[in-house]
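1. below are the sequence and a predicted model for it; my questions follow.
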Amino acid sequence: TGVQTCALPISSQTYNFLDLNNELFFVFLGTDFLTLKNIVLNETNGNNLIEYGVLLINALPNDGCNFNTLQGITVNLNRTNINSTGIKQSTQFVTLLNDSGLNTNNTYKDLIIKNCYYGIDLLASSGFPDSSNSVTSSACTTYNYIGDVSSDDIGNGIYPTYGISATFQRKLKINNCVIRNITSTGESSNVNAIVVKHPSTATYSTGNIEIYNNKIQSIGNKNSSVNSTALVTGINVNVTQNNSSVARIYNNTISDLQNATAYSSSDCFVVAILAQSDSNALGSTHYYENNSVSLNVNNTSISNTCFEIGYHNSSVFIVRNNSFANFTGSQSGNAKHFCWVTTGQFSYGSAGSVSDYNNLYIHNYNNGFTGTGKLGDRVTLADWRNLIGGPGPDDNSVANNPNYVNAVSDLHAGSTFMNGSGTTPSAWITTDADCNARSTPNDIGAFNINTCGGKPTAGTASANPSTVCYNKSVALSLVNNSAGNGITRSEEH
């Protein structure tokens, strides 16, 4: 019980693993059913030796780590060590022979990871993908924090970096994470808040990949070289070629993504949500619902987008109830900003794909476009609707300023045009990002919208008894009137 602080004297104690000189605080070596709880791990003397806060690995080719829980762990290392990782789970130290060596059913929750080069790394092998691991929380209103409040807390060196990287993971869950202040200074060094990767030719089922209720803010690359092709993403998800491979991405907020590159290209180097960018995943299904995005990229010499599909004809894409708002300023030449990008000529997914009931808002139309496809840019929402010649995409969508409370730090929307303008989400979406129940009429974005539009209805008032006498009580009633947050009534006697 309580919190135990472990500040080891690194100068006098070094922890080596398997003679690989990987210094660490804790290692789970083929460990099962163990809970590590309420521990603070600080590297305090600046010797820059610790590479892992906690490391989970298989002990033998047939002995992995299973059903372990890490809860309430704080990891504070030294990000100048380019190998420093808050938590790493891996099967790549020992070659596997079969599935018995996998790391599965491990739970990471209520974490604080700061001052590391990398956040959380879940790594398996392409031949033996892990299963059923989760980065989650003990309650809907509790969060993991990856990155401290100060800028450039995670990474801030020349190599690529990330908040959470999940490679070859099946049945994965990532939710209730605040991922912030992650940067790289390297030329062509990608920065991902959340990235999920699978082999380009894999046909195994990933099952459900669930990423929801995450808050992503202040992610970027600071290298301004004309040769830098660094990509900055908020959520980057790939699944496999299997009918049972499903991505469920919902109730996430993404804001303040930046990239300083001076590389001239029409390709987007800032993408808030990137779907199936690595490979064809024929037969799979992606759901992107009730996410809120706010982009205002300071570097107006590069292209950026709120949402992009890499392989447009590989999967079924369901894109609905999202608020994609791009506030980037005036651009020219190859540099453009978008809400929606597809690589297709006349399509945005395999048969059965849907994009509708979204808010697609472009604040500045100087090289700002609602969407784009292989045959050219679509300026307005009406232009975008003609992508495939109808019906869709986005026949029931709107294009209005979401009026976020703060376009960088608080994406609660105040737009009356998004209030009740959505459609019924998938059955697994029962609450919003604040853990409030979803209800009809359905709102657009990550949060329920408590605002009203238009003229309220006064309704009909009545008194009982209808004759009012001095010193006698009377009951007043009001029916058929507008009701809701922000609506009050008053009585005069």
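-> Looks like it arrived, so ask away. Numbers count the residues shown, from 1 in each chain.
2. tell me which other helices or strands the helix or strand where I164 lies touches.
-> Using DSSP states H and E, I164 maps to strand 161-167. When contacts are defined as 3 or more CB pairs under 8 Å, 6 or more residues apart in numbering; DSSP states H and E, strand 161-167 sits against strand 118-123, strand 154-155, strand 177-184, strand 191-197. In this view, the C-beta of every residue, glycine as well, is placed from N, C-alpha and C.
3. hey, which of the ones you listed is tucked in deepest?
-> Highest mean neighbour count of those: strand 154-155, a mean of 30 (counted as mean count of other CB atoms under 10 Å).
4. contacts made by it with the rest, please.
-> Outside strand 154-155, the residues that touch it by CB atoms under 8 Å, 6 or more residues apart in numbering are 79, 113-119, 146-147, 161, 163, 181-184, 191.
5. thinking again about what came up before, after the strand holding I164, which helix or strand is next? Please name it.
-> Beyond strand 161-167 toward the C-terminal end (DSSP H and E), the next one is strand 169-170.
6. residues contacting S409?
-> Applying CB under 8 Å, 6+ apart, we find S409 in contact with Q217, S255, D256.
7. just grab the bridge partners of the first one for me.
-> So that's Q217. Applying DSSP bridges to Q217 gives these bridge partners: R180, S255.
8. that one contacts A407, doesn't it?
-> No. Using CB atoms under 8 Å, Q217 is not in contact with A407; the gap is 10.8 Å.
9. pLDDT weak spots in the stretch 301-450 of the chain?
-> Along the stretch 301-450 of the chain, the parts satisfying pLDDT under 70 run over 345-346.
10. could you measure from I112 over to I50?
-> Distance check for I112 against I50: by CB to CB, to the nearest Å, it reads 16 Å.
11. mind listing the strands for the stretch 151-300 of the chain?
-> Under the criterion DSSP state E, counting those that start in this stretch, the stretch 151-300 of the chain carries strands at the ranges 154-155, 161-167, 169-170, 173-175, 177-184, 191-197, 208-212, 215-221, 232-237, 246-250, 253-259, 268-275, 284-289, 292-295.
12. quick check: can you name the pairing partners of the last one and their directions?
-> What that stands for is strand 292-295. Strand 292-295 has these strand partners (DSSP bridges): strand 253-259 (parallel), strand 323-326 (parallel).
13. could you dump those to TSV with distance to A413 and mean neighbour count?
-> Converted to TSV, those look like this (distance: least, CB to CB, whole Å; neighbours: other CB atoms under 10 Å):
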stretch	distance to A413	mean neighbour count
strand 253-259	10	25
strand 323-326	6	30
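14. reformat those strands as JSON lines; add distance to C339.
-> Listed next are the strands paired with strand 292-295 as JSON lines, based on distance: least, CB to CB, whole Å:
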{"stretch": "strand 253-259", "distance to C339": "13"}
{"stretch": "strand 323-326", "distance to C339": "4"}
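15. thinking again about what came up before, looking at I112 and I50, which one has more neighbours?
-> Remark: of I112 and I50, I50 carries more neighbours, 26 against 18, as counted by other CB atoms under 10 Å.
16. excluding chain neighbours, what is closest to the more buried one?
-> Distance criterion CB to CB, 6 or more residues apart in numbering; nearest residue to I50, sequence neighbours excluded, is E43 at 4.7 Å.
17. V75 is in contact with the one you found, correct?
-> No. Look at E43 against V75 with CB under 8 Å: they stay out of range, at 9.1 Å.
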